[in-house]
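> Pasting the sequence and the predicted model now:
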Amino acid sequence: MSTDLTHSDVESILKIIDAAENLNEIEIVHGSFRLHVVREYNGHSLGAPRTPTAPHAPPQANSNSAPSPEKATAAPAAKVSAEVPPGTVAIRAPMLGIFYRAPAPGEKPFVEVGQRVKADDTVCLIEVMKLFNSIRAGVDGEVVKIFAENSALVEFDQVLICVKPSEG
Amino acid sequence: MAAAPFKRILIANRGEIAVRVVRACQTLGIESVVAVSAADRDSLAAKMATRAICIGPEAASQSYLRPELLVTAATGTGCEAVHPGYGFLSERAQFSRMCAEAGLTFIGPVPEAIEVMGDKISAVKLAEEVGVPRVPGSGRVSNAESAREFARKHGYPVLIKASAGGGGRGMRVVRRDDEFISQLAAAAAEAQAAFGDPSLYVEKFVERARHIEIQILGDKHGNVVHLGERDCSTQRRHQKLIEEAPSPVIDASLRRELADAAVRLARHVNYVGAGTVEFVFDDDTRRWYFLEMNTRIQVEHPVTEMVTGRDLVVEQIRVAAGAPISFTQEQIALTGHAIECRINAEDAGANFAPRPGRIQTWSAPAGEGVRIDTHCFSGYLVPPYYDSLLAKIIVHGRDRREAVDRMQDALKRLQISGVPTTAPFHQQVLAHRDFTAAAVTTRWVEETFLPSVCQAGAA
C-alpha cells in the first residue's frame, strides 16, 4: 500500500515542478493524496498561487473540514521548552503552524494519553496555510503527555507530545 | 488620547529594524509580536516585544523568507497587521497579497504598487510618463555614426553596453568621437562571445555620480508629501555605508525639482506608505536621472527623522490603518544636518569580510544629538546566517561640520570587543578631505579611498 507523503516530500515535488520548463499544470495522485499545481506562465497567473501551492488535504484531513484556529488572545511571551518527563522522548513541532489532534473536527484524536504508538503512526497534524503536515511519533512507545492544545498555534521546535519508549 | 491604529501587529523581520518597529508600537500603544528564527529567540526585539514566536530554523530561507509561516504566525496570534521592515519579504508583492487574503493589513503599499515599482522596466516607463527623466540611452546602434550622434547630443563620456548583457561584460567607456570605431568592434565581439548576441546600445555615462533619494509618504486619502532628500553617495559595491541629510551638493531649487518628481511619481501610482525615490545626480553637469523606487522603510530613514523631527515608522503604521498623514507639506521643515554610519561586523582590512561572533563588550555613545539604532548588547552572539549590520549611529548637528565632529566623537566613544567592526573605516572616511569637501561619488570608496589607504598601509 502507498505510504503517506511527508511535508518534505511535498516540498521536493514542488521544487521539481518549479524547476521544470514548459510545465503549466500538473496533477499527482498518490493513494488518497492529490496534488494539483497551476503555474504562472509568461508572468500571467493562471489562477492558483504558485509557491507553496496548497495541495488538497493529505489523507488524514478532508480539505474542507479542517477546524479553524480559535481567535488567539494576547498570550504572554510563549515559553517553548516544556517540562519533558525524564525517560521520555519529546515529539517537537518541525514547523510553525496550527496543531490538530484529530483528522477532522468531531473525529477521534490520533492519540490519547496512555495509548501505545508505533514510530510510523501519525500523532497529530500541523497546518500551514491549508497545507496539512502529518507528524509521526518517531519512536515506539506509550503517549505519556500531550502539551499542545488542539487548534492552537505551535511554534517551531515546540514540544507537542511526550512518548515513553518501549523497553528493548 | 487617540485610539491605537491597531491592537496588535506582527513584525516580520529581525535585527535593529525589528527593535525599531517594537519601539514604534510602544509609542502607539500597540502590542507587538515579533517573528523569530531559532537563532533569534533571545534577540533584543524578542525581549522587548509583547511576545516572540519562533517561526522556523536559523536559515532565512526556512524562516524570514517564508510568507506562509509569517501569515500563519500573524493570524495564529491574533494580529491585525504585519510590518515587513526592510529586506526579506518587504518588497514581495506576493507577501502583501497573502496578508490581504488572510485579512491582515500589510504595512506597506498594495501588491500592484510593489510590482510596478519592483520591475525596472515598468518603473522607468512610469517615470517617463510623469516626466521624470532616466539616464539617456540609445536604441540599438549599428554603426559608429549613429553612436556618435547620440554622444554628441548627450555629451561625452558615454558607455557602450550589450543589449543582451549584464555584469559589466561588453561594456566600454568612450570619451572621444574617434574612439567609437575600435570600441564598438571590441564590444560587439565581447558581447557575441559572452551572450551570443553582438547587439549594442549606448548610454550616457555619469562619471561623477552621487546617489540622492527623496523620502515620500502617502496615505489612503490621496495625500502625498516628501520629507526632503538623503545623500547616500558613500558606497562600496553599491552598498550604502554613510548617509546624510540634507545633501551637501544640492540647493533649494534642485531639492524642489527632485521632490516634485518623486511626489509626481508616487501620486501616479496612488502610493500609500513610506517610500523612497532614488536618483543618480551628475556632479559635473548637475543633471539628475531616475534610478528606482523602493517601496519600504529604508535602513537610512533615521537621518530624515533627525532633520524633520518626524517618526516615519509611526507614520507608516498610522497610514496603513487608514489615518491621514499627521502633518502637511508646509509643516515639514529641515533643521540642521544629520549623518548615519552603518556599523557592520566586518573586517575592512580583509575586503570587508563578515565576521560574526560573540560580542564581549558593547558600549555605545549617548548624548546631545546622538542616536543609536541597534539590537546588540554585551554577550550577544552575532549569528552567521544574516547580514552583518550591528548598529546605526546617527548624529544631528546645526550644520554639516558639527555633525561630522559629533560623529567622530561618537565613533571614538563606541566600544565593541569580540568582533571587528567598520567603525575605524568610518573614522578614516570622515577625516578624508574629499568627504569634508563633499567630493565623494558612488565609486569613490573603491577607486580613490581604499587604494590610498592600502598605499598608506604599505608605506
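That came in fine, so what should we check first? Numbering: from 1, shown residues only, chains lettered A, B, ... in the order given.
> Any regions of chain A where pLDDT drops low?
By pLDDT under 70, the weakly predicted segments of chain A are A:1-7, A:18, A:21-24, A:31-33, A:37-82, A:168.
> Which residue does chain A have closest to chain B?
With Cβ to the nearest Cβ as the measure, A:Leu153 is the residue of chain A nearest to chain B, at 3.1 Å. The C-beta positions use only the backbone N, C-alpha and C, and glycine is treated the same way.
> Any figure for the gap between that residue and B:Gly103?
To B:Gly103, A:Leu153 is 16 Å away according to Cβ to Cβ, to the nearest Å.
> Comparing the two, which residue is more hemmed in?
Neighbours were counted for A:Leu153 and for B:Gly103 using other Cβ atoms under 10 Å in any protein chain shown; A:Leu153 has more, 26 against 10.
> From B:Glu207, how far off is the more buried one?
With distances taken as Cβ to Cβ, A:Leu153 is found 55 Å from B:Glu207.
> can you check B:Leu10 too?
Distance of B:Leu10 to B:Glu207, given as Cβ to Cβ: 46 Å.
> which residues does B:Cys79 contact?
B:Phe6, B:Arg8, B:Ile9, B:Leu10, B:Val33, B:Leu104 (Cβ atoms under 8 Å, 6 or more residues apart in numbering or on different chains).
> now A:Ala148
Residues near A:Ala148 by Cβ under 8 Å, 6+ apart: A:Ala93, A:Phe99, A:Cys124, A:Val154, A:Gln158, A:Val159, A:Leu160, A:Ile161.
> just curious, which of the contacts of B:Cys79 is nearest to chain A?
B:Arg8 (6.9 Å).
> I figured that closest one was touching B:Gly78, is that so?
Yes: the pair B:Arg8 and B:Gly78 passes the contact test of Cβ atoms under 8 Å, sitting 6.1 Å apart.
> so what's the closest residue to chain A within chain B scoring on pLDDT?
Minimum separation of chain B from chain A (Cβ to the nearest Cβ) falls at B:Gly76, amounting to 3.1 Å. pLDDT, B:Gly76: 97.
> roughly how far apart are it and B:Ile53?
Remark: distance between B:Gly76 and B:Ile53 (Cβ to Cβ) = 8 Å.
> residues shared between the contacts of the two?
Common neighbours of B:Gly76 and B:Ile53 (Cβ under 8 Å, 6+ apart) are A:Leu96, A:Leu153.
> who has more neighbours, the two?
Between B:Gly76 and B:Ile53, counted using other Cβ under 10 Å, the more crowded position is B:Ile53 (30 against 27).
> The nearest residue to B:Leu65 once chain neighbours are set aside in helix, strand or coil?
Excluding the flanking residues, the one nearest B:Leu65 by Cβ to Cβ, 6 or more residues apart in numbering or on different chains is B:Phe88, at 6.0 Å. Here B:Phe88 is recorded as coil under DSSP: H, G, I helix; E, B strand; the rest coil.
> can you pull the contacts of B:Phe88?
Per Cβ under 8 Å, 6+ apart, neighbours of B:Phe88: B:Ala12, B:Asn13, B:Ala60, B:Tyr64, B:Leu65.
> Neighbour count added to the residues you listed, as a markdown table?
Compiled in a markdown table, these are given as follows (neighbours: other Cβ atoms under 10 Å in any protein chain shown):
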| residue | neighbour count |
| --- | --- |
| B:Ala12 | 31 |
| B:Asn13 | 27 |
| B:Ala60 | 19 |
| B:Tyr64 | 26 |
| B:Leu65 | 17 |
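> what sits opposite B:Cys341 in the beta ladder?
B:Ile242, B:Ile393 (DSSP bridges).
> Could I get the full set of helices for chain A?
In chain A, the segments counted as helices under DSSP state H are A:7-19.
> quick check: domain ranges of it?
Per automatic domain parsing, the structural domains of chain A span A:7-56, A:89-165.
> Out of those, which one sits most buried?
domain A:89-165 (a mean of 19; mean count of other Cβ atoms under 10 Å in any protein chain shown).
> Tell me the pLDDT of the residue nearest to B:Leu65.
pLDDT, B:Phe88: 96.
> Same question for B:Ser63.
For B:Ser63, the pLDDT comes out at 97.
> quick one: strands adjacent to whichever strand or helix holds B:Lys161?
Using DSSP states H and E, B:Lys161 falls within strand B:158-162. If you go by DSSP bridges, strand B:158-162 pairs up with strand B:172-174 (antiparallel), strand B:200-204 (antiparallel).
> Save the ones you listed as TSV, and put in mean pLDDT too.
TSV is the format used below for the strands paired with strand B:158-162 (pLDDT from 0 to 100):
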stretch	mean pLDDT
strand B:172-174	90
strand B:200-204	90
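> right, so those strands: which one is the most enclosed?
Of all these, strand B:200-204 carries the top mean neighbour count, a mean of 22, counting by mean count of other Cβ under 10 Å.
> Extract the C-alpha set from that one and format it as CSV.
Listed next in CSV are the C-alpha coordinates belonging to strand B:200-204 (Å, rounded to 0.1, in the frame of the first residue of the first chain):
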residue,chain,number,x,y,z
LEU,B,200,24.9,47.1,-28.7
TYR,B,201,23.4,50.3,-27.4
VAL,B,202,24.9,53.5,-26.0
GLU,B,203,24.1,55.1,-22.7
LYS,B,204,25.1,58.4,-21.1
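> just checking, B:Gly322 touches B:Lys220?
Yes: assessed by Cβ under 8 Å, B:Gly322 is found in contact with B:Lys220 at 5.4 Å.
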